[in-house]
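In: Next input, structure requested:
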Amino acid sequence: MMHPGPKNLITDVSGVYVGNAHDEGLKSGVTVFSADQGFTASYAVMGGAPGTRETDLLAPDKSVDKIDALVLSGGSAFGMDAASGVVDRLRSSGRGFAVGPCRVPIVPAAILFDLNNGGSKDWQKNPYPNLGRLAFDELSPEFDIGSIGAGFGAQCGIMKGGLGSASFQLLNGITVGALVAVNPIGNVTDASGKHFWAAPFEVNNEFGGFGPPKGNGHAQSLDHTKLGSLTERANTTIAIVATDAILSKAEAQRMATAAHGGFARAIVPSHLPLDGDLVFSAAMGRHKVPEGRLAFAEICHAASICVSRAVARGVYHACYYTGDASITWQSLNEK
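Out: As a prediction, the model looks like this:
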């Protein structure tokens with residue numbers, strides 16, 4: 001049995017903080033994930049067009065065993081520099097990997113493409129390092145979801161994307177959470193724009209309680225899932241899954257891999273050649289996993305379902321801003 005944590009956010013995982021910043025004119029933003037101490041992390045990529053920074057360090061055979069923060073950013077390749085702003089803040093606070101007298105903050109990052117969403121992109125100086133600093137300054141156990149942070153300018157299929165989060169507390173006392181910037185080529189609902197593919201995993205009507213798509217399986221959405229009907233205007237969903245369990249880097253990598261199942265359940269189609277779908281994983285190392293392989297398997301499963309729920313929640317809570325290229329779920333279903 002699993003039930004959401006008190007906030008139903010990734011910050012239900014003890015010691016975890018999230019900060020967001022965006023620029024309304026730019027129609028883009030940055031989300032920073034950090035903790036009160038270094039944490040074990042890994043990642044898994046299943047999309048065909050990822051954009052990343054320092055992810056090689058997260059492989060189980062690499063020497064760095066703890067990192068300081070993770071960054072999700074809009075802005076495509078320009079957004080990679082958001083991590084530089086976070087590194088500046090961490091260095092100022094004395095955080096980082098000790099190398100002689102120096103400390104080097106380790107901040108892997110992933111980006112999504114939101115350069116064609118109606119925002120102003122004619123900057124003279126890359127705005128993303130400063131957005132990274134601003135998002136770091138907002139780190140807190142409380143944060144909003146929807147059109148905020150890395151999800152501010154996100155789009156998905158027939159509607160706006162967004163930043164979503166969800167959590168589960170397991171009977172063994174371990175907490176798992178997910179944070180997702182939803183910006184896929186595919187759709188998160190059926191063709192009606194109302195029924196979320198993630199509906200079978202919804203808890204407490206957290207994204208409207210409208211139930212799963214009607215009819216025979218995915219038949220209602222076939223026109224929107226054919227490759228010929230898709231558009232390149234939006235791509236890449238990026239996520240973080242976190243737990244307070246003690247995990248090795250190899251186990252963290254397996255949790256990230258399993259969490260991609262949450263994308264496949266919530267986004268149709270997912271993991272396409274033009275999507276850069278990536279999941280980071282973070283383990284805070286506070287609770288020992290009970291003996292037996294099924295205990296760790298439950299953590300992986302919980303991460304996957306949290307991702308599905310977070311995808312739907314991010315889109316459900318997205319709001320409209322003047323000049324947006326896409327309509328929101330709320331606007332589509334306001335009748």
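In: Please compute how far stretch 115-128 lies from its chain's middle.
Out: In this view, stretch 115-128 has its centroid 22 Å away from the chain centroid, taken as C-alpha atoms, centre = their mean, to the nearest Å.
In: tell me the average confidence for that stretch?
Out: The average pLDDT within stretch 115-128 is 93.
In: What's the end-to-end length of it?
Out: Start-to-end span of stretch 115-128 (C-alpha to C-alpha, to the nearest Å) is 13 Å.
In: Ok, stretch 129-144 next?
Out: Stretch 129-144: ends 22 Å apart by C-alpha to C-alpha.
In: which parts of stretch 190-202 are buried?
Out: Within stretch 190-202, the residues that qualify as buried by neighbour count (16 or more other C-beta atoms under 10 Å) are Asp190, Ala191, Gly193, Lys194, His195, Phe196, Trp197, Ala198, Ala199, Phe201, Glu202. The way it works is simple: take the backbone N, C-alpha and C, and place the C-beta from them, glycine included.
In: And the furthest pair within those residues?
Out: Greatest spatial distance among the buried residues of stretch 190-202 (C-beta to C-beta): Ala191 and Phe201, at 20.3 Å.
In: in the stretch 201-335 of the chain, which spans are strands?
Out: Secondary structure of the stretch 201-335 of the chain (DSSP state E, counting those that start in this stretch): strands located at 238-245, 278-287.
In: Ala21 looks like it's in a helix, true?
Out: No: secondary structure of Ala21 (DSSP: H, G, I helix; E, B strand; the rest coil): strand, not part of a helix.
In: Surely it and Pro129 touch.
Out: No: applying C-beta atoms under 8 Å as the test, Ala21 and Pro129 come out as separate, 11.3 Å apart.
In: neighbour count winner among the two?
Out: Neighbours around Ala21 and Pro129, counted as other C-beta atoms under 10 Å, are more numerous at Ala21. The numbers are 24 against 20.
In: For beta bridges, what are the partners of that one?
Out: Following DSSP bridges, Ala21 is listed with bridge partners Val30.
In: got a list of what it touches?
Out: Residues counted as contacts of Ala21 (C-beta atoms under 8 Å, 6 or more residues apart in numbering) are Gly29, Val30, Leu131, Gly132, Leu134, Ala135, Asp137, Glu138, Gly149.
In: again, only this time at 7 Å
Out: Residues near Ala21 by C-beta atoms under 7 Å, 6 or more residues apart in numbering: Gly29, Val30, Leu131, Leu134, Ala135, Glu138, Gly149.
In: and what of Ser281?
Out: Ser281 neighbours (C-beta under 7 Å, 6+ apart): Ala41, Ser42, Tyr43, Val241, Ala252, Gln253, Met255, Ala256.
In: Can you tell me which of the residues you listed lies closest to Asp56?
Out: Nearest to Asp56 among those, with distances taken as C-beta to C-beta, is Tyr43, at 9.8 Å.
In: Please give me every residue in contact with Ser120.
Out: So Ser120 contacts Gly25, Leu26 (C-beta under 7 Å, 6+ apart).
In: what about it, is that helix, strand or coil?
Out: Relying on three-state DSSP, one would call Ser120 coil.
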